[in-house]
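Asks: model this:
(2 chains)
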Amino acid sequence: MSLRQVKVSPFQAGLVLGFGSALVQAYFKVIPPLAYGVCMVCHPKDLFNWIADHLLHLNWGYSLASTNWPLLTVVGVVLGAMVAAHQHGELRLRSVRQPLFYFINGFLMINFGLILGACPIRIVLLSAYGNWLGIIGWACVVIGVLLGTWALRWVAARTVKRSEMA
Amino acid sequence: MIASIATLVLGFVIGYLGQRSRLCFVSGYRDFILTHDTNLLKGVLGAFIGALGGFVIFGFLGSGILGFPMLLQTTILTRSALIITIVSALGVGIVGALAGGCPYRMHVLAAEGKKTYWVYLLGFYTGLVFYNLATVHFVDMLKTVLK
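Replies: Model prediction:
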């Protein structure tokens, strides 16, 4: 069976992600802070700020794990996803929809994420580590998704109602 | 340098697997709320189990898993930390649900060539600059006020 034919379930992918994050902390010095193996807001911040600091001397902060060399998780994720998409014929340009909405969402996501100090992945890792703030944060992320989903439902229902009335 | 290479390799693997499996740490909850579909939610569960298993095994082997499990240690939760965690986590959840995915999923979708998610990432990295210039100082101020 070639790599192209291998089917991956979300559970298997999650297992690899979780175990891999513990592995890089244990043997590859991705520490401190704790449970920092994968984070899709903190690692991009470390990489961005490390470059800004070294090129422009802006003195923007980054984690101790990135002191000598930056963490390249985000580069790896993009490369890995590109290779997978290319192998399976899914790599093609598709047009933009609702650009302002998505721009604002991206802007808000990293700000909330950096205030929290974690992305939705790291909050799971912190919970697995037994961190109380991680567990509370995870519960609040789920409640936030619930609220966001209700908001989307409400908007969709209102749009349908309006179109029926018109 | 070893941490850089390790995170690059791990990132490549999870990027590849994420593209094939549609793993997302926001859509899992959303799909369950909307349709009771547990497929993506199992991915979140898998990450929790994988991480917990890894921390237990490597902790047992005595390598770099400091202070695990933290639940067994005495922790003092300050009021400021608690409020900031709750508000920001709610924000992450709401924004994630509105955008339709977590930052990891957004990077994967952008890598597939979907320009909508390029715009998301443009906002994401513009937001990072804003965080460095303004938000970080605001949060420091908030911590002092809430103390």
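Asks: use CA for all of it now, contacts and neighbours both
Replies: Will do.
Asks: what ranges of chain A fall below the confidence cut-off?
Replies: Scanning chain A for pLDDT under 70 picks out A:1-6.
Asks: Please repeat the previous calculation with a cut-off of 90.
Replies: A:1-7, A:29-32, A:57-68, A:91, A:161-166 (pLDDT under 90).
Asks: Where is the longest helix in it?
Replies: helix A:132-165 (DSSP state H).
Asks: Can you give the distance from that one to the centre of its chain?
Replies: 19 Å (CA atoms, centre = their mean, to the nearest Å).
Asks: got it, and stretch A:43-52?
Replies: For stretch A:43-52, the distance to the chain centre is 15 Å (CA atoms, centre = their mean).
Asks: is any part of that stretch close to chain B?
Replies: Yes. Applying CA under 8 Å from any CA of the partner chain, one finds stretch A:43-52 touching chain B at residue A:45.
Asks: Sort out which residues of that stretch are buried, please.
Replies: A:43, A:44, A:45, A:46, A:47, A:48, A:49, A:50, A:51 (16 or more other CA atoms under 10 Å in any protein chain shown).
Asks: circling back to that earlier point, for the longest helix of chain A, buried residues please.
Replies: In helix A:132-165, counting by 16+ other CA under 10 Å, buried: A:132-150.
Asks: Among those, name the ones that also lie close to chain B.
Replies: Within the buried residues of helix A:132-165, those near chain B by CA under 8 Å from any CA are A:132-133, A:136-138, A:140-149.
Asks: Can you classify the residue nearest the centre of chain A as helix, strand or coil?
Replies: The centroid of chain A falls nearest to residue A:40 when counting by CA atoms, centre = their mean (3.5 Å). What DSSP: H, G, I helix; E, B strand; the rest coil gives for residue A:40 is coil.
Asks: how close does it sit to residue A:84?
Replies: Using CA to CA, to the nearest Å, residue A:40 is found at 19 Å from residue A:84.
Asks: Residue B:138 and chain A, how far apart?
Replies: Using CA to the nearest CA, to the nearest Å, one gets 10 Å for the distance from residue B:138 to chain A.
Asks: so where does that residue fall, helix or strand?
Replies: Per DSSP states H and E: residue B:138 is located in helix B:136-146.
Asks: Any buried residues in that helix, and which?
Replies: B:136, B:143.
Asks: Run the chain-centre distance for it.
Replies: How far helix B:136-146 lies from its chain's middle: 22 Å, per CA atoms, centre = their mean.
Asks: Just the residues contacting that helix, thanks.
Replies: A:115, B:79, B:80, B:81 (CA atoms under 8 Å, 6 or more residues apart in numbering or on different chains).
Asks: Distance to residue B:50, neighbour count and secondary structure added to those, as TSV?
Replies: Converted to TSV, the contacts of helix B:136-146 look like this (distance: CA to CA, whole Å; neighbours: other CA atoms under 10 Å in any protein chain shown; DSSP: H, G, I helix; E, B strand; the rest coil):
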residue	distance to residue B:50	neighbour count	secondary structure
A:115	26	21	helix
B:79	31	12	helix
B:80	31	16	helix
B:81	27	14	helix
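Asks: Max pairwise distance over those: which two?
Replies: Greatest spatial distance among those (CA to CA): A:115 and B:79, at 15.1 Å.
Asks: if we can go back for a sec, if we take the buried residues of stretch A:43-52, which one ends up nearest to residue A:97?
Replies: The closest of the buried residues of stretch A:43-52, once distances to residue A:97 are taken by CA to CA, is residue A:44, at 24.7 Å.
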